[in-house]
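Participant: what's the 3D shape of this:
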Amino acid sequence: MTSDTNGDYCCPDRLHRDIENGEKLLLVDCRSQSEYSRSHVVNSINVTLPGLLVKRLRKGILNMSAIIHNNVDKERFNKQCKTHLIILYDECSTDLNANPSSILHLLVKKLRQDGCRATFLLGGFTTFVQRFPEHCVSLDSTENSLNGLSNLRISEDSAYGTSSDSENDGTPSLQSPFPVQVLPYLYLGNAKNSADLQQLKQNGICYILNVTPNVPNMFANDDSFKYLRINISDHLSQDLFEFFPEAIAFIDEARENHCGVLVHCLAGISRSVTVTVAYLMSKLNLTMNEAYDFVKSCKPNISPNFNFMGQLLDFEKCLHGSDNSIGSRSKFRNFEYCNKNSSSSDIPPLTPAV
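Facilitator: Residues are numbered from 1 along each chain as shown. I've put the predicted structure just below:
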């Protein structure tokens, strides 16, 4: 570990050597869950902090294990936090003290107060993955590889990330039980779910909303399914806002035809969640926070990227007539009028579907 005026830090070269030499390391990823799901350092643990927990962390009254949601990772952290060097990283920090209110700064401070050996990765994940991609896991490559796998049924499970090894090494698995039922006709899921023909039919799902550019529409040649693809990547530069009307209309068409509809992306935690939240806001007259909290109560591991959350706030302003900050999106005024005058009498009260 090296020291300079920025405080203790671990440079990328040092982390590379320590990993190669099998040193006792405990890596902690302080980025959002969606960023972690896309790519992260091998064997790192992801921590996420809602606003309430950040306040508790600032006061020094937060137990570190409370912000590790994966039980396997939580057990590993509790066993190794006093015996291993803890290296925390965010996206690109080079100065630990530049932002004393950052999650990275607060966690390093808290861990040191607890008697742990804690430092941060200089340059963050961005620098490390550019230098040493062999020590990183990426789900983007998994998404791209799915294009050529639609006919390889024998290897479908591995293509969609169903290996149990991912749980053991700290990598979030794409596998989950068949998609979460948000409303009686509305399901939220991932790429694996979209390829499970038996479960699709069992749940009466005939409409599939694919919020990815690359995951194949597996049953596009089957006339019993209707697809809508929204060609969006899970990236801060992407704009889902403009697709909300089309997505909402597609979901409503499924409801009106008494069919189930699956909204999915790759991992089922960011893009598809954003569309689902927008639908609940629109059809049930909910605020963004209300709709988000409801979806989270159905599926606790959701994590839309910050840009998508901002677009949902813009959408909330549109729905409630306070859209001066987004005047260029005037087409939503017409959508809002049509939407408010559509029948929603058959939409059930907002209780989690069982």
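Participant: okay, CA-based contacts and neighbour counts for the rest of this
Facilitator: Will do.
Participant: So residue 224 sits against residue 204, correct?
Facilitator: No - Residue 224 is beyond contact range of residue 204, at 10.6 Å (criterion: CA atoms under 8 Å).
Participant: which of these two has more neighbours?
Facilitator: residue 204 (14 against 11; other CA atoms under 10 Å).
Participant: Look up how far residue 183 lies from the more buried one.
Facilitator: 13 Å (CA to CA, to the nearest Å).
Participant: Residue 252 too?
Facilitator: In terms of CA to CA, residue 252 sits 12 Å off from residue 183.
Participant: ditto for residue 80
Facilitator: Relative to residue 183, and taking CA to CA, residue 80 is found at 41 Å.
Participant: And for residue 293?
Facilitator: 14 Å.
Participant: try residue 99
Facilitator: Applying CA to CA to residue 99 and residue 183 gives a distance of 42 Å.
Participant: what about these two, which has more around it?
Facilitator: More neighbours surround residue 183 than the other of residue 99 and residue 183, with 21 against 12 (other CA under 10 Å).
Participant: How is the protein divided into domains?
Facilitator: 9-138, 180-340 (the TED database).
Participant: Kindly reformat these as JSON lines containing mean pLDDT.
Facilitator: Below are the domains of the chain laid out as JSON lines (pLDDT from 0 to 100):
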{"stretch": "domain 9-138", "mean pLDDT": "88"}
{"stretch": "domain 180-340", "mean pLDDT": "87"}
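Participant: Stretch 197-210: end-to-end distance?
Facilitator: Termini of stretch 197-210 sit 15 Å apart (CA to CA).
Participant: Mind listing what's buried along it?
Facilitator: Across stretch 197-210, burial judged by 16 or more other CA atoms under 10 Å covers 200, 203, 205-210.
Participant: ok, so of the residues you listed, who is nearest residue 65?
Facilitator: residue 210 (35.0 Å; CA to CA).
Participant: For the closest one, give me phi and psi.
Facilitator: Backbone geometry at residue 210, expressed as degrees, to the nearest 10, gives phi -100, psi 110.
Participant: Make 44 the first number, not 1, from now on.
Facilitator: Fine by me, first position is 44 from now on; the one you just mentioned is residue 253.
Participant: Residues in a beta bridge with it, which ones?
Facilitator: Beta-bridge partners recorded for residue 253 (DSSP bridges): residue 272, residue 307.
Participant: Which parts of the stretch 194-343 of the chain are helices?
Facilitator: Remark: helices assigned in the stretch 194-343 of the chain by DSSP state H, counting those that start in this stretch are 199-202, 208-211, 234-237, 240-245, 287-299, 314-327, 331-341.
Participant: Out of the ones you listed, flag the one nearest residue 62.
Facilitator: helix 208-211 (17.5 Å).
Participant: For residue 107, give its distance to residue 80.
Facilitator: Residue 107 is 21 Å from residue 80, by CA to CA.
Participant: Name the residue in the two with the higher neighbour count.
Facilitator: Per other CA under 10 Å, whichever of residue 107 and residue 80 has more neighbours is residue 80, with 23 against 17.
Participant: doesn't that one fall inside a helix?
Facilitator: Yes - the assignment for residue 80 (DSSP: H, G, I helix; E, B strand; the rest coil) places it in a helix.
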